[in-house]
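Student: need a structure here:
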Amino acid sequence: MIIRPVQVSFLAIIAVFLSSFAFAHPVPDIPVRTFFPGDGTARVTVEIDPRCFEPDPENAPSLLPHGFSGFTDAEKDGLKARAADLVRRSVEFTLKPLGKMQPEFTFTFTGKSGVPIGGADDPIVLTGEWKTQLASGLTGWKIRSLPGGKLSVIFQNIVRGTSQERIAVLFPGESSFTLELSTLTIGATAAAPDGERVSPNESGGSLSTFWQYLREGFRHVLPLGMDHILFVLGLFLLSRDWKPLLAQVTTFTLAHSITLALATIGIVKVSGSIVEPIIAASIAFVAIENIFRPRYTHWRLLVVFAFGLIHGLGFAGALEELELPTGSLIAGLVGFNVGVEGGQLAVVAIAFLATFWVREPKNYRRWVVIPGSIYIAARGVWWTIERVFGE
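Tutor: Numbers count the residues shown, from 1 in each chain. Model prediction:
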């Protein structure tokens, strides 16, 4: 087989594109939840998934009860110390006008959202808690996701038992809005000096939540969603004609939007141990079909729709990790879905720019479709085996 320079160029582009994200696995976010019961006190919680400590958090298994039961006290204390250190390196807390401060969290092992450890398949996390009395004169509360890390930090506030509509998903280096504390502290009358105060009941929360989750949805595809990237590339490689490509992308969008919505509102729930291997298998399937069924047919749309439903459950798992408050559910769901679509369109645009100069259909199939589909199929098969038989 003669390897032509144009083939080498395309494979080099694909290799650089993929390897640039090889280590960009999404790390579980750090939720920071602050509870203001209205009696002059506050309780702050942080949640650390032990997967954060692994070299490859995306593929690292969750800590489950059967594994946790074998931990020694020293091992548990070690994880608590690592969680405390991670919070110190990841999140900066500010009480105005006092300035920056560092809460001393007490860590315990719980289920997600601080619930007691549950069934055999329920992941265990480290939940840190800090309680304080709000001094008179405090005006604002905000946090910052420290630069240099790989973690996103979620800023949520629960005032008198009600989750506030406005939340923030902070990438490293970003700061949250300032929550006004004047009505939550005893005898407080001072105003925030920089005009950043935001009332807990401010009506602009939906737009802010939409934007925050749009960014998170885009990021879940590009650059962090390698499995979704390869599936979209598999759709692209079948045909560059706009009608088949538009039909496939539209069908995939419709399908995953359905299951994303149903799973987010709790109507459908499927274990990730089932969803993730099928997603990997879907990547291999569309790539292999590109090789052996080179012509676009309506059968392809049925395949794409079925796999789109499964990918929607995968997106829902990511959105579930963010734990949207009820008041922000619609804005967050729509924003996340729009972000996912934006990420998919960006993948298609990058693929088109990388291959548009190969104009002859036979050359395109020989130098682009076949080698690209072989690579995608191999990755899909490997991930399927890894997700079925891995720990």
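Student: contacts, neighbours, all on C-alpha from now
Tutor: OK.
Student: what's the helix or strand containing residue 208 in contact with?
Tutor: Under the criterion of DSSP states H and E, residue 208 resides in helix 205-221. By C-alpha atoms under 8 Å, 6 or more residues apart in numbering, the residues outside helix 205-221 that reach it are 26, 165-169, 225, 228-229, 318, 328, 331-344.
Student: Looking at the residues you listed, which are in helices?
Tutor: 228-229, 318, 331-344 (DSSP state H).
Student: where do the helices sit along the stretch 101-250 of the chain?
Tutor: 205-221, 226-238, 242-264 (DSSP state H, counting those that start in this stretch).
Student: between those, which gets nearest to residue 47?
Tutor: Closest to residue 47 of these is helix 205-221 (C-alpha to C-alpha; 18.5 Å).
Student: got the angle between the closest one and helix 226-238?
Tutor: On the basis of axes from the mean of the first three to the mean of the last three C-alpha atoms, to 10 degrees, helix 205-221 is oriented at 70 degrees to helix 226-238.
Student: so how far is helix 205-221 from its chain's centroid?
Tutor: Relative to its chain's centre, helix 205-221 lies at 11 Å (C-alpha atoms, centre = their mean, to the nearest Å).
Student: Give me the average confidence score over it.
Tutor: In this model, helix 205-221 carries a mean pLDDT of 81.
Student: Any buried residues in that helix, and which?
Tutor: For helix 205-221, the neighbour count (16 or more other C-alpha atoms under 10 Å) marks 205-206, 208-221 as buried.
Student: can you dump the C-alpha coordinates of that helix into CSV?
Tutor: This file holds the C-alpha atoms of helix 205-221, laid out as CSV (Å, rounded to 0.1, in the frame of the first residue of the first chain):
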residue,chain,number,x,y,z
GLY,A,205,-31.3,34.6,37.4
SER,A,206,-32.7,32.6,34.5
LEU,A,207,-30.6,34.3,31.9
SER,A,208,-27.5,33.9,34.0
THR,A,209,-28.2,30.2,34.6
PHE,A,210,-28.8,29.7,30.8
TRP,A,211,-25.4,31.2,29.9
GLN,A,212,-23.6,29.3,32.6
TYR,A,213,-25.0,26.0,31.5
LEU,A,214,-24.6,26.8,27.8
ARG,A,215,-20.9,27.0,28.5
GLU,A,216,-20.9,23.8,30.4
GLY,A,217,-22.8,22.0,27.7
PHE,A,218,-20.3,23.2,25.0
ARG,A,219,-17.4,22.1,27.2
HIS,A,220,-18.9,18.7,27.7
VAL,A,221,-18.5,18.1,24.0
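Student: could we number from 51 for the rest of this?
Tutor: Happy to do that; since the first residue is 51 now, the last one works out to helix 255-271.
Student: now the stretch 101-250 of the chain, which segments are flagged as low pLDDT?
Tutor: 108-109, 233-250 (pLDDT under 70).
Student: ranges for the strands of it?
Tutor: In the stretch 101-250 of the chain, the segments counted as strands under DSSP state E, counting those that start in this stretch are 141-146, 149-151, 156-160, 175-183, 190-195, 203-209, 212-213, 218-220, 228-230, 247-248.
Student: right, and these - which one's nearest residue 308?
Tutor: Here strand 218-220 is closest among those (C-alpha to C-alpha), at 24.0 Å.
Student: quick one: strands adjacent to the closest one?
Tutor: Strand 218-220 has the following sheet partners, assigned by DSSP bridges: strand 203-209 (antiparallel).
Student: quick one: the strand it pairs with to strand 141-146, angle?
Tutor: 40 degrees.
Student: ok, and what's touching strand 203-209?
Tutor: 79-88, 141, 193, 195, 213-214, 216-222, 226, 250, 372.
Student: Could you look up the SS state of the residue nearest to residue 312 when sequence neighbours are not counted?
Tutor: Leaving aside its sequence neighbours, residue 312 sits nearest to residue 318 (C-alpha to C-alpha, 6 or more residues apart in numbering; 5.6 Å). Following DSSP: H, G, I helix; E, B strand; the rest coil, the label given to residue 318 is coil.
Student: Only alpha carbons, please: show stretch 166-182 as PDB.
Tutor: Extracted in PDB, the C-alpha atoms of stretch 166-182 (Å, rounded to 0.1, in the frame of the first residue of the first chain):
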ATOM      1  CA  PRO A 166     -26.300   8.900  53.900                       C
ATOM      2  CA  ILE A 167     -24.400   6.200  52.100                       C
ATOM      3  CA  GLY A 168     -26.900   4.200  50.200                       C
ATOM      4  CA  GLY A 169     -27.000   1.100  48.100                       C
ATOM      5  CA  ALA A 170     -24.200  -1.000  46.600                       C
ATOM      6  CA  ASP A 171     -24.200   1.000  43.300                       C
ATOM      7  CA  ASP A 172     -24.400   4.500  44.900                       C
ATOM      8  CA  PRO A 173     -21.100   6.400  44.700                       C
ATOM      9  CA  ILE A 174     -19.500   7.700  47.900                       C
ATOM     10  CA  VAL A 175     -18.100  11.200  48.100                       C
ATOM     11  CA  LEU A 176     -16.300  13.300  50.700                       C
ATOM     12  CA  THR A 177     -18.600  16.100  52.000                       C
ATOM     13  CA  GLY A 178     -17.000  19.000  53.900                       C
ATOM     14  CA  GLU A 179     -19.000  21.200  56.200                       C
ATOM     15  CA  TRP A 180     -18.300  24.500  57.900                       C
ATOM     16  CA  LYS A 181     -20.700  26.400  60.100                       C
ATOM     17  CA  THR A 182     -20.500  30.000  61.200                       C
END
